[in-house]
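S.K.: Okay, structure incoming, though there's no sequence with it:
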């Protein structure tokens with residue numbers, strides 16, 4: 001039995017935001033997991049919202065939902081994808097949640113009349129959030145959101161400073177992510193911003209043990225020595241973090257610089273052998289896929305900020321890894337599809353995906369895109385809102401319910417094929433009132449969905465309030481739609497498909513949240529495979545047309561060999 005005390009790694013950032021602290025924390029976690037250690041990661045976000053659930057996707061990117069129904073920051077998605085552990089509400093802490101907890105204790109009189117202050121009450125609550133993750137883990141990695149110098153982050157930085165004093169230096173490690181900017185006019189890399197960032201951190205009382213330096217250009221050895229000298233960090237602990245083509249390359253780049261070895265040494269962790277062979281293989285598939293490229297159109301509401309669909313993006317890439325093919329994604333605004341010109345846009349793609357979203361804006365464009373995909377045999381994958389719009393489109397175009405709509409957007413519609421459940425009709429608050437987290441579902445025997453999953457019972461994460469109206473299920477099925485998945489009691493529609501279509505599947509859940517690079521989600525793997533079939537079929541049709549044409553107009557060059565078939569998904 002391992003009696004080594006839990007170790008704590010704190011990841012901070014300086015100079016500018018969006019340097020990739022989440023990927024850095026996740027990559028360190030991956031390397032430690034590959035050494036046989038039990039690792040978990042948490043995020044401290046400095047905003048006062050209790051959680052990101054009511055934040056605009058344009059401001060904060062996607063809301064990542066955990067199995068236990070927590071609405072969290074998108075970085076938790078990176079943590080789960082890299083570390084392979086399902087996280088919980090305890091892994092996502094905001095200023096709002098900390099203050100809410102402290103104020104509730106004060107109202108209950110738990111502070112015995114004391115004056116409640118940032119120190120010690122707020123910082124104690126933050127430290128408590130760190131301690132809660134210690135059981136059953138060898139390492140707890142904590143990412144501090146924001147940038148050193150932000151006033152909002154000060155309580156969190158003070159808390160982790162205190163934490164080192166309480167548990168001991170030998171059990172804590174401070175990793176600081178910073179920027180080495182390249183000044184094109186001077187043709188030089190500049191270390192001064194990093195020096196100032198570390199100095200500001202030291203003024204708070206935190207001396208970083210490891211520096212991870214983001215840079216667009218290689219950092220020369222003499223510059224590393226200069227950075228180490230000015231920041232009081234070992235030269236070997238100045239790690240270069242150059243831009244890479246895929247985020248999944250980052251752990252390998254860190255490993256080349258022996259970052260994981262240093263972490264284990266500084267924390268006194270058992271430095272078991274690391275086996276990155278499987279990770280190297282998936283990165284190789286990303287770099288050099290054997291089966292070419294497929295083009296997927298994602299028609300959504302928030303495409304102006306791709307981070308709004310970060311998990312969808314990564315899950316599509318995972319589907320490509322499973323099939324040894326590159327997935328080229330084009331993000332198309334659903335509002336642009338409202339002029340009826342969908343055919344010209346979608347004909348060049350191998351698959352269409354409609355992701356989740358809220359509100360009526362752009363819905364008619366989604367309906368037009370789905371209509372074209374359904375009528376032209378284009379593989380279609382609907383997620384949450386994608387399922388609801390698929391139901392509406394089918395109801396209008398096939399069932400003859402021309403006024404079919406969702407009661408969310410048109411309360412007085414004569415055919416509310418999507419409606420609010422009775423148990424939710426009295427809900428008025430937006431935060432935390434939806435069907436959130438993991439729910440079981442049963443898949444119909446013989447359905448495509450059951451075939452894809454290889455099971456008749458599944459569990460997927462949800463984030464929505466409106467459901468398929470059971471009053472219309474008979475009409476939908478009579479017209480050719482299959483209700484392929486329901487809740488265990490049969491009351492809620494979870495998945496649909498069209499047996500007459502090459503690949504037309506939609507789910508009320510968010511399967512992208514459970515996809516991993518080393519374990520691609522079966523729905524995404526199957527969708528990408530269907531896109532390959534579409535691509536190859538189109539190429540074959542084009543070749544047959546060329547062969548059937550008069551010799552005088554046939555192309556002079558021989559036809560290219562068709563791409564290999566996709567590999568079997570494990």
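M.R.: Sure thing, it's come through. Being a predicted model, the structure only gives us computed values, none of them experimental.
S.K.: Give me the below-cutoff pLDDT ranges for the stretch 451-570 of the chain.
M.R.: 541-570 (pLDDT under 70).
S.K.: just the strands in it please.
M.R.: In the stretch 451-570 of the chain, the strands defined using DSSP state E, counting those that start in this stretch lie at 457-464, 466-468, 482-486, 493-497, 504-507.
S.K.: can you list these in JSON lines and add mean neighbour count and distance to residue 419?
M.R.: Glycine gets a C-beta too; all of them are placed from N, C-alpha and C. Below are these laid out as JSON lines (neighbours: other C-beta atoms under 10 Å; distance: least, C-beta to C-beta, whole Å):
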{"stretch": "strand 457-464", "mean neighbour count": "20", "distance to residue 419": "12"}
{"stretch": "strand 466-468", "mean neighbour count": "21", "distance to residue 419": "6"}
{"stretch": "strand 482-486", "mean neighbour count": "23", "distance to residue 419": "16"}
{"stretch": "strand 493-497", "mean neighbour count": "26", "distance to residue 419": "11"}
{"stretch": "strand 504-507", "mean neighbour count": "27", "distance to residue 419": "17"}
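S.K.: got those as CSV, with distance to residue 404 columns?
M.R.: Converted to CSV, the strands of the stretch 451-570 of the chain look like this (distance: least, C-beta to C-beta, whole Å):
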stretch, distance to residue 404
strand 457-464, 18
strand 466-468, 12
strand 482-486, 16
strand 493-497, 14
strand 504-507, 16
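S.K.: Any idea which of those strands gets closest to residue 57?
M.R.: The closest of those to residue 57 is strand 457-464. By C-beta to C-beta, the value is 12.0 Å.
S.K.: From the chain's centroid, how far away is the closest one?
M.R.: How far strand 457-464 lies from its chain's middle: 16 Å, per C-alpha atoms, centre = their mean, to the nearest Å.
S.K.: List the strands paired with it, with their directions.
M.R.: Strand 457-464 has its sheet partners listed here by DSSP bridges as strand 435-443 (antiparallel).
S.K.: Residues in contact with the partner strand: which ones?
M.R.: Strand 435-443 has contacts (C-beta atoms under 8 Å, 6 or more residues apart in numbering) with 65-71, 449-450, 453, 455-465, 484-488, 490, 494-495, 509.
S.K.: One more pass at 6 Å, please.
M.R.: 65, 67-69, 449-450, 456-459, 461-464, 485-486, 488, 494 (C-beta atoms under 6 Å, 6 or more residues apart in numbering).
S.K.: of all the strands of the stretch 451-570 of the chain, which lies closest to residue 295?
M.R.: Checking the strands of the stretch 451-570 of the chain against residue 295 by C-beta to C-beta gives strand 504-507 as the closest, at 18.1 Å.
S.K.: Tell me which other helices or strands the closest one touches.
M.R.: helix 385-397, strand 493-497 (3 or more C-beta pairs under 6 Å, 6 or more residues apart in numbering; DSSP states H and E).
S.K.: What angle do strand 457-464 and the last one make with each other?
M.R.: Just to be clear, that refers to strand 493-497. On the basis of axes from the mean of the first three to the mean of the last three C-alpha atoms, to 10 degrees, strand 493-497 is oriented at 110 degrees to strand 457-464.
S.K.: List the buried residues in the least confident helix or strand in the chain by mean pLDDT.
M.R.: Lowest on mean pLDDT, DSSP states H and E among the helices and strands of the chain sits helix 57-60, with a mean of 72. Buried residues in helix 57-60, defined by neighbour count with 16 or more other C-beta atoms under 10 Å: 57, 60.
S.K.: need the helices for the stretch 451-570 of the chain, in chain order.
M.R.: With helices called from DSSP state H, counting those that start in this stretch, the stretch 451-570 of the chain shows them at 473-478, 522-548.
S.K.: And those helices: which comes nearest residue 114?
M.R.: Among the helices of the stretch 451-570 of the chain, helix 522-548 sits nearest to residue 114 (C-beta to C-beta), with 52.5 Å.
S.K.: Which strands or helices does that closest one pack on?
M.R.: In terms of contacts (3+ C-beta pairs under 6 Å, 6+ apart), helix 522-548 is packed against strand 293-300, helix 310-323, helix 448-453.
S.K.: Mind checking the pLDDT average for stretch 27-42?
M.R.: Mean per-residue pLDDT for stretch 27-42: 96.
S.K.: Tell me how far it lies from the chain's centre.
M.R.: Between the centre of stretch 27-42 and the centre of its chain there are 18 Å (C-alpha atoms, centre = their mean).
S.K.: same check, this time on stretch 398-407
M.R.: 33 Å.
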